[in-house]
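**Q** Provide a 3D model corresponding to the input given below.
(one chain, ligands or ions: 1)
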Amino acid sequence: MATAVSSRWQVRDVAPKIGTEIITDKETLLSGERAGEIRDIMERRGVIVFPEINLTDEEQVAFTHTLGTFAQEASEQALTGGKGVYPITMDPTINPHADYLKGAFYWHIDGTMSQVPILGSIMSSRRLSAEGGDTEFCNTYAAWDELPDDEKQAIDGLQVVHAMWRSQLYHDPEPSYDKLKQWQAIGRNVLPLVWKHKTGRKSLVLGATALQVQGMDIAESEALLVRLRTWATSPQFVYRHKWKLGDMVIWDNTGTMHRAMAYDHNSGRLMHRTKLEGEEAFA
Ligand code: SIN
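**A** Below you'll find the predicted structure:
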């Protein structure tokens with residue numbers, strides 16, 4: 001695994017196929033001088049951890065701007081009084097959409113309801129749960145690369161219907177009719193199972209919103225989606241982040257899936273997230 005060291009810049013891969021840790025300081029991050037390198041590592045390694053970097057909300061927003069186009073989500077950011085960060089918590093007094101966030105406990109890609117999903121997320125820990133609450137990431141580029149050739153041929157070109165309501169059924173399997181209709185009003189989206197990126201690389205597009213492979217029998221479709229999800233999230237492709245207070249983690253949403261691990265919903269666990277606007281449509 002690669003290791004490069006300079007005075008305030010130590011880079012270390014934390015797992016063979018995903019995840020790199022960078023030890024640095026706030027000034028280096030906020031100067032933007034390493035932004036190109038960070039973008040490059042994010043694309044190659046999927047996830048970057050900045051242990052105990054302790055950026056404030058304002059600094060996290062400024063850092064996000066150095067990496068690309070800051071995704072403005074006014075209604076989300078209003079929850080922290082316009083500070084520009086979004087609170088991820090199960091505490092409905094802090095985030096009234098806490099219920100909706102329960103979808104985060106299952107493997108997912110953000111933005112599968114749009115044609116151009118966000119490029120990446122930046123998340124800092126503000127309060128930890130006493131138990132649980134790690135975040136897991138898997139590398140969907142590596143998962144594609146390492147499929148056998150005959151499997152690649154069989155699935156390249158398939159299209160999958162994604163629907164937000166599918167992911168909500170994971171944590172609320174018997175919703176009221178009204179709630180189901182509200183979820184369904186968000187719509188659906190048809191996405192390629194194999195994303196051909198502009199770089200020429202390919203990644204798998206899976207996750208909790210994946211409803212059915214188009215034109216495939218429902219049982220066969222479910223079996224394929226579950227088999228591929230199991231493959232993409234097998235240990236060789238996964239990095240599990242055990243949070244310390246003040247850690248910041250950034251990830252490439254276009255080449256990974258992620259999920260939160262279980263924690264006590266009354267624990268007060270709180271993450272502050274910013275996002276980078278998408279730069280590439282699913283194709
Ligand atoms: C998310 O899915 O964006 C949040 C993950 C977490 O809370 O660990």
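**Q** Whichever residue of the stretch 151-283 of the chain sits closest to the ligand - how many residues pack around it?
**A** Using C-beta to the nearest ligand atom, the single residue of the stretch 151-283 of the chain nearest to the ligand is A260, 3.4 Å away. Where C-beta positions appear, they are placed from N, C-alpha and C, glycine not excepted. Neighbours of A260 under the rule other C-beta atoms under 10 Å: 20.
**Q** need the contact list for it.
**A** Taking C-beta atoms under 8 Å, 6 or more residues apart in numbering as the contact definition, A260 lies against A104, F105, G133, D134, T135.
**Q** hey, what's the closest residue to the first one other than its chain neighbours bridged with?
**A** Spelled out, that is A104. Spatially, and ignoring its direct neighbours in sequence, A104 is nearest to A260 (4.8 Å; C-beta to C-beta, 6 or more residues apart in numbering). Beta-bridge partners for A260, by DSSP bridges, are T135.
**Q** Now do the same for A260: its pLDDT.
**A** Per-residue pLDDT puts A260 at 98.
**Q** K202 now?
**A** So, for K202, pLDDT stands at 98.
**Q** ok, now S6?
**A** 51.
**Q** I figured F105 hits A262, correct?
**A** Yes. Proximity of F105 to A262 meets the contact threshold set by C-beta atoms under 8 Å, at 6.6 Å.
**Q** quick one: which of those two has more around it?
**A** More neighbours surround F105 than the other of F105 and A262, with 17 against 12 (other C-beta under 10 Å).
**Q** what sits against that one?
**A** F105 neighbours (C-beta under 8 Å, 6+ apart): Y170, H171, R259, A260, M261, A262.
**Q** interface residues of the stretch 101-250 of the chain facing the ligand?
**A** The stretch 101-250 of the chain comes close to the ligand at residues A104, T135, as judged by C-beta under 6 Å from any ligand atom.
**Q** quick one: the helices in the protein?
**A** 26-31, 35-45, 57-67, 74-77, 140-145, 149-155, 164-171, 177-184, 218-232 (DSSP state H).
**Q** so which of those gets nearest P16?
**A** With C-beta to C-beta, the closest approach to P16 among these belongs to helix 140-145: 9.1 Å.
**Q** What residues sit buried inside the closest one?
**A** T140, Y141, A142, A143, W144 (16 or more other C-beta atoms under 10 Å).
**Q** which among those residues gets closest to L128?
**A** The closest of these, once distances to L128 are taken by C-beta to C-beta, is T140, at 27.5 Å.
**Q** Is it correct that the closest one is in contact with H258?
**A** No. Counting by C-beta under 8 Å, T140 does not reach H258; the two are 10.4 Å apart.
**Q** contacting residues for Y263?
**A** Y263 neighbours (C-beta under 8 Å, 6+ apart): M90, S129, E131, G132, G133, R269.
**Q** tell me the most buried of the helices of the chain?
**A** The highest average neighbour count among those, using mean count of other C-beta atoms under 10 Å, belongs to helix 140-145 at a mean of 23.
**Q** State the mean pLDDT of that one.
**A** Mean predicted confidence for helix 140-145 is 98.
**Q** try stretch 46-58
**A** pLDDT averaged over stretch 46-58 gives 98.
**Q** which residues sit against that stretch?
**A** By C-beta under 8 Å, 6+ apart, stretch 46-58 touches 14, 18-26, 29, 38, 41-42, 63, 80, 83-85, 124, 137, 139, 141, 239, 241, 244-252, 255-256, 272.
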